[in-house]
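>>> Generate a structure from the sequence data that follows.
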Amino acid sequence: MKILNQRLADIIDLQTQLKQAHWNVKGPHFIGLHELFDKIAEDVESYVDMIAERVVQMGGIAKGTARVTAARSRLQEYPLDIADGAATWKQWPERFPPLAAKRA
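Numbering: from 1, shown residues only. Just a heads-up that it's a prediction; the model follows:
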């Protein structure tokens with residue numbers, strides 16, 4: 001359960017970071033990036049549900065509140081002071097590999 005709840009915290013954090021980017025992106029590529037971040041966040045949501053439901057199926061408690069996620073996530077904090085499309089886009093390559101590398 002501990003590993004699954006860790007993955008749950010990481011992926012919930014990823015989803016909220018994607019929404020942060022979606023809400024705030026600006027610039028000449030706004031619409032493309034805005035829609036892309038929203039679509040990826042929606043896709044990630046299915047994994048959030050899958051992981052949380054698996055924890056429960058295995059007899060555990062899914063721990064996915066905002067406070068638990070903030071305390072446990074191993075992702076880098078998303079910078080809250082960026083909105084430029086290019087700067088926003090540059091944030092993502094470093095967020096996905098850590099998740100893939102931490103697979104159990």
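>>> Could I get the contacting residues of Val44?
Residues in contact with Val44, defined by C-beta atoms under 8 Å, 6 or more residues apart in numbering, are 11, 14-15, 18. The C-beta positions use only the backbone N, C-alpha and C, and glycine is treated the same way.
>>> In helices only, show me those.
The helices, defined by DSSP state H, take in 11, 14-15, 18 from the contacts of Val44.
>>> just these now: which is nearest Glu45?
Lowest distance from Glu45 to the ones in helices among the contacts of Val44 (C-beta to C-beta) belongs to Gln15, with 6.1 Å.
>>> neighbours around that closest one, how many?
Residues near Gln15, counting by other C-beta atoms under 10 Å, number 19.
>>> what's the answer for Val55, then?
Neighbours of Val55 under the rule other C-beta under 10 Å: 20.
>>> next one: Leu18
Leu18, neighbours per other C-beta under 10 Å, totals 23.
>>> so who does it touch?
Leu18 neighbours (C-beta under 8 Å, 6+ apart): 37-38, 40-41, 44.
>>> Could you find the closest non-adjacent residue to it?
Spatially, and ignoring its direct neighbours in sequence, Leu18 is nearest to Ala41 (3.9 Å; C-beta to C-beta, 6 or more residues apart in numbering).
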